[in-house]
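Trainee: Give me coordinates for this.
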Amino acid sequence: MNKGGETFDYVIVGAGSAGCVLASRLSEDGRFTVLVLEHGGSNRSVFIDMPSALSIPMHMTKYDWGYVSEPEPHLDGRRLHCPRGKGLGGSSAINGLVYVRGNPLDFDRWESEGAAGWSYARVLPYFRRAEGRAEGGDVYRGAEGPLKTRYGRLDNPLYRAFIEAAREAGYGETSDINGFRQEGFGRMDMTVHRGLRWSAARAYLKPAMKRPNVEVRTQALATCIRFEGRRAVGASYVRGGVENTVAARREVILAGGAINTPQLLQL
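Mentor: Numbers count the residues shown, from 1 in each chain. Purely as a prediction, here's the structure:
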């Protein structure tokens with residue numbers, strides 16, 4: 001059955017790191033209806049949830065789009081694997097679980113070049129608001145946010161030898177790579193909580209899915225954005241072999257990632 005004629009306030013294409021957060025935030029006060037379209041599945045799997053299985057899902061077509069680069073002349077013509085997450089959580093469901101923020105100097109440079117409001121001092125409150133750090137918060141770190149983080153528990157002879165080698169080579173050391181000093185060697189922060197991978201889906205989307213104004217459709221491949229003039233007004237997608245259309249009262253939000261979003265705009 002074609003579900004043409006449906007209308008939501010917001011239509012979000014892609015349930016990756018950005019799409020999950022947007023679905024949660026836009027639906028918070030209950031005023032707006034939100035539809036999320038995701039080509040992948042629910043990602044309910046031990047390979048996704050178990051931190052020690054982190055290298056497995058990025059090589060499974062069920063969870064990864066399977067993109068490869070063009071042949072690289074300086075690498076003897078090899079094609080390189082370019083992992084991009086598929087399913088709820090997107091790449092946050094298949095990545096290495098490392099939580100590391102951008103460098104403050106980059107944010108400050110963006111503002112100096114015209115991106116008003118993007119200095120590190122301006123974005124820091126939002127980093128803190130998002131983070132729920134197991135070790136507690138401070139002026140740089142958040143403790144109450146939905147994205148759970150904790151110090152990595154690596155402590156083995158190889159890890160200790162690596163840190164000691166860095167010291168002997170004269171490199172700096174930092175006790176918190178997301179704190180006052182980011183540059184240097186130190187323990188990683190991980191997006192792990194209660195022994196589980198804490199993806200954007202687990203942090204933001206799954207709680208939002210309990211709201212009556214949020215609908216998530218998996219196995220839904222967006223095929224084109226529908227325009228009226230220069231304004232995006234909806235999307236077409238295929239689900240279960242059936243073509244469907246959906247309209248957006250307010251916005252169509254493309255959150256398919258660095259590869260899929262521009263490709264969708266070309267269709």
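Trainee: From now on I want contacts and neighbour counts done on CA atoms only, so please keep to that.
Mentor: OK.
Trainee: can you tell me the distance between the two ends of stretch 34-48?
Mentor: 25 Å (CA to CA, to the nearest Å).
Trainee: residues near the nearest residue to residue 196 once chain neighbours are set aside, how many?
Mentor: With sequence-adjacent residues excluded and distances taken as CA to CA, 6 or more residues apart in numbering, residue 196 is closest to residue 49, at 5.2 Å. Per other CA atoms under 10 Å, the neighbour tally for residue 49 reads 20.
Trainee: repeat for residue 216
Mentor: 20.
Trainee: How about the contacts made by it?
Mentor: 35-38, 209 (CA atoms under 8 Å, 6 or more residues apart in numbering).
Trainee: mind listing which of the residues you listed are in strands?
Mentor: Among these, DSSP state E puts 35-37 in strands.
Trainee: any chance you could map the helices in the chain?
Mentor: Ranges of helices in the chain, per DSSP state H, are 17-26, 46-49, 104-112, 120-130, 157-168, 200, 206-208, 257-265.
Trainee: For those, which has the smallest mean pLDDT value?
Mentor: Taking each of these in turn, the one with the lowest mean pLDDT is helix 157-168, at a mean of 91.
Trainee: Give me the distance from that helix to the chain's centre.
Mentor: 31 Å (CA atoms, centre = their mean, to the nearest Å).
Trainee: list the buried ones in it?
Mentor: residue 163 (16 or more other CA atoms under 10 Å).
Trainee: Looking at the contacts of residue 216, spot the one nearest residue 115.
Mentor: residue 36 (28.8 Å; CA to CA).
Trainee: count of residues packed around the closest one?
Mentor: 24.
Trainee: what's it in contact with, if anything?
Mentor: Per CA under 8 Å, 6+ apart, neighbours of residue 36: 11-15, 19, 23, 214-217.
Trainee: TSV please, covering the helices of the chain and showing distance to residue 91.
Mentor: Shown next, in TSV, are the helices of the chain (distance: least, CA to CA, whole Å):
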stretch	distance to residue 91
helix 17-26	7
helix 46-49	11
helix 104-112	23
helix 120-130	18
helix 157-168	26
helix 200	9
helix 206-208	16
helix 257-265	9
